[in-house]
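[1] whatever this is, show me its structure:
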Amino acid sequence: MPAQDPPAQDSLAHDLLAHDLLAHDLLAHDLLAGDLLARDLREANQRLVGRLQALSRAPALIPPEQMAGLLSELLRFAELRERLPDETQRTSQLQAELALYRRSVESLREVLPAIYTRLLAERSRIEAERSRLRAADEWARTSRQTL
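    The predicted structure follows:
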C-alpha cells in the first residue's frame, strides 16, 4: 500500500475523529431522549397511579370529571408509547415504567366492572327521574286545562 502523504493522513484522521464524535453525539442524544422519555413515562405513571388509587377507594362514587381525567391520562400514555424505541433498545428505566403502566392498566381492568355497574344504575336513576318529570309535566298541563 502506498504511503499517504501527511495532509491526506491528517484528513483521514480528521474524518475518523469527526465520525467518532458524531456517533458519540448521536448516542448521547439517544440516551438523553431515552432519559426524557423515561421521565415523561414516570410522570404519566404517577398521575395514572394517583387516579387509580382514588378510583379504587370508591369506584361507585366516581364523578365524571375523574373518569375524564383517567381517560386523558390513558390517551397521554398512548402518545408516549408511540415514542418508545424498539424493545432491544429500551433501557431498564423504560422497562420499569412500562411494567408499572401494565400493572396500572390491569388494576383498572379490575375496577371497571364496578364503574360500569354504577353507570348502569345511574342511567336507570336518570331514566326514572325523567319519567317522573314527564308525568309531573303532563299532570300540570292537564290540571291547567281543567281550571
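[2] avg pLDDT for whatever helix or strand R103 lives in?
    In the assignment (DSSP states H and E), R103 maps to helix 92-146. Averaged over helix 92-146, pLDDT sits at 89.
[3] use 29 as the first number for this chain going forward.
    Renumbered: residue one is now 29, and that last one reads helix 120-174.
[4] relative to the whole chain's centre, how far out is that helix?
    From the chain centre to the centre of helix 120-174 is a distance of 22 Å (Cα atoms, centre = their mean, to the nearest Å).
[5] which of the residues in stretch 67-83 are buried?
    Under the neighbour-count criterion of 16 or more other Cβ atoms under 10 Å, stretch 67-83 has 68-69, 72-73, 76-77, 79-80, 83 buried. Yep, even glycine has a C-beta here, placed from its N, CA and C like the rest.
[6] using the three-state scheme, assign R111.
    Three-state call for R111 (DSSP: H, G, I helix; E, B strand; the rest coil): coil.
[7] for it, list the residues it contacts.
    L65 (Cβ atoms under 8 Å, 6 or more residues apart in numbering).
[8] same deal with L147?
    For L147, counting by Cβ under 8 Å, 6+ apart, there are no contacting residues.
[9] still on that earlier bit, ok, so of the buried residues of stretch 67-83, who is nearest R158?
    Of all those, L83 has the smallest distance to R158: 27.8 Å, by Cβ to Cβ.
[10] how near is the closest one to S135?
    For L83, the distance to S135 (Cβ to Cβ, to the nearest Å) stands at 9 Å.
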